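Asker: Predicted model, plus sequence, below.
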Amino acid sequence: MKPADNLFGTLFFVALLAGCSGGSQSSTLAPSGLTGTGERSWMAPQAKSNHLIYVSNGNMGSGTGTVNVYSWRLRTQVGTLSGFRIPRGICVDKAQNVWVTDYSAMQIVEYAHGGTTPLQTLVFPFGGPTACSVDTVTGDIAIVSQGGGTAPAGVFVYTSPSSTPTQYTNSSFSSYVGAAYDNLGNLFVDGVGTGSSTFALAEVPSGGTTLASVSVGQSITYPSSLQWDGKYLAICDRGNSPSVVYEFSISGSAATLQGTTSLGNSSNVQQFWVPKFTSGKTNPQGTRIVAADYNNNDVPFWAYPAGGTPLRTITTGIMAPLGIAVSK
């Protein structure tokens, strides 16, 4: 296993609420953003008018993780969200609200763009959540759990934070890693395969009811995250050194490799993000990619899809980064 996974494998999962067959899960107000160290959330006044980078710091061993917020243009820190235990994957909805999975607290917390007060907290009784994605078509939120103990593994889709989720599983997966909706509302999930397979990819088509396997014509050593980049499904292999992002077109139940982006100088990228600041059809993909570079404790920027040597890097305040997202 990779370094970031060793810790999570030792955590004890406790079911807080009934499972999928029980009552609906409630959306509650989150506790104060006050950590055990007394640090409070803060945000610079100008932050809301900027494109913002959210980076989850696992702060391994401290038990008080944070999410740091940086200006996209200036690459300077403009805020901190506190009160987490081990924040992991981050996702952004159509309104540009930011959702943070908190692995040890077993919950997902929503914040407005540039805000410090949680809008709502989704209690997640299915093990520690590790990743999420929001469907910009329907507003559904998909949450990934690697399971553990009596907690089930799989991807859980909520139509609203107070709804009872639908659980999706696939027998070709031994563990689930990431989730991503495309622009049409199709949900893709990746993870570690069973037997000799090191990678598994599956899809819940928009309006579908099953998580169906997708064949991939590319070897992936150890997946970390995936995202729809505006044109292709991009999947990160953190088992390479440096980490690599592969771009795939999807047709039916097959994924065809269309491009490769080497994230130069990176090591064990946990999550990446390709922001799209314009909506033109001429260049549907984003032109930059940023990543939570776990082993190097930094956030590099690369040209996308060219990759190669980082254009610039954020190092201030980064400690064991496990997730990243850009809110506009």
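Answerer: Done, it's in.

Asker: Run through the residues that contact residue 70.
Answerer: 52, 53, 55, 76, 77, 78, 299, 314 (Cβ atoms under 8 Å, 6 or more residues apart in numbering). C-beta coordinates here come from the backbone N, C-alpha and C atoms, glycine included.

Asker: Quickly find the element holding the spatially closest residue to the last one that is not a sequence neighbour.
Answerer: To tie it back to what came earlier, the one meant is residue 314. Spatial nearest neighbour of residue 314, chain neighbours left out: residue 299 (4.2 Å); criterion: Cβ to Cβ, 6 or more residues apart in numbering. Using DSSP states H and E, residue 299 sits within strand 299-303.

Asker: Need the contact partners of that strand.
Answerer: With contacts defined as Cβ under 8 Å, 6+ apart, strand 299-303 is touched by 53, 55, 70, 75, 261, 263-266, 287-293, 308-315, 318, 321, 324.

Asker: just the buried members of the residues you listed?
Answerer: If you count burial by 16 or more other Cβ atoms under 10 Å, the buried members of the contacts of strand 299-303 come out as 53, 55, 70, 75, 261, 263, 265-266, 288-293, 310, 313-314, 318, 321, 324.

Asker: Which of the residues you listed fall in strands?
Answerer: 53, 55, 70, 261, 288-293, 313-314, 321, 324 (DSSP state E).

Asker: right, and the helix or strand after the helix or strand of the chain with the lowest mean pLDDT?
Answerer: Lowest on mean pLDDT, DSSP states H and E among the helices and strands of the chain sits strand 27-28, with a mean of 31. Using DSSP H and E, the helix or strand that follows strand 27-28 towards the C-terminus is strand 42-43.

Asker: In its sheet, which strands sit next to that following strand, and in what direction?
Answerer: strand 77-81 (antiparallel) (DSSP bridges).

Asker: Give me the nearest residue to the residue nearest the centre of the chain, chain neighbours excluded.
Answerer: With distances taken as Cα atoms, centre = their mean, residue 89 lies nearest the centre of the chain, 3.4 Å away. Excluding the flanking residues, the one nearest residue 89 by Cβ to Cβ, 6+ apart is residue 131, at 3.5 Å.

Asker: give the contact list for that neighbour.
Answerer: By Cβ under 8 Å, 6+ apart, the contact list for residue 131 reads 88, 89, 91, 101, 143, 144, 177, 178, 179, 225, 271, 323.

Asker: As a markdown table, those with distance to residue 254 and secondary structure would be great.
Answerer: Putting those into a markdown table (distance: Cβ to Cβ, whole Å; DSSP: H, G, I helix; E, B strand; the rest coil) gives the following:
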| residue | distance to residue 254 | secondary structure |
| --- | --- | --- |
| 88 | 30 | strand |
| 89 | 26 | strand |
| 91 | 26 | strand |
| 101 | 30 | strand |
| 143 | 27 | strand |
| 144 | 23 | strand |
| 177 | 20 | strand |
| 178 | 19 | strand |
| 179 | 20 | strand |
| 225 | 21 | strand |
| 271 | 25 | strand |
| 323 | 29 | strand |
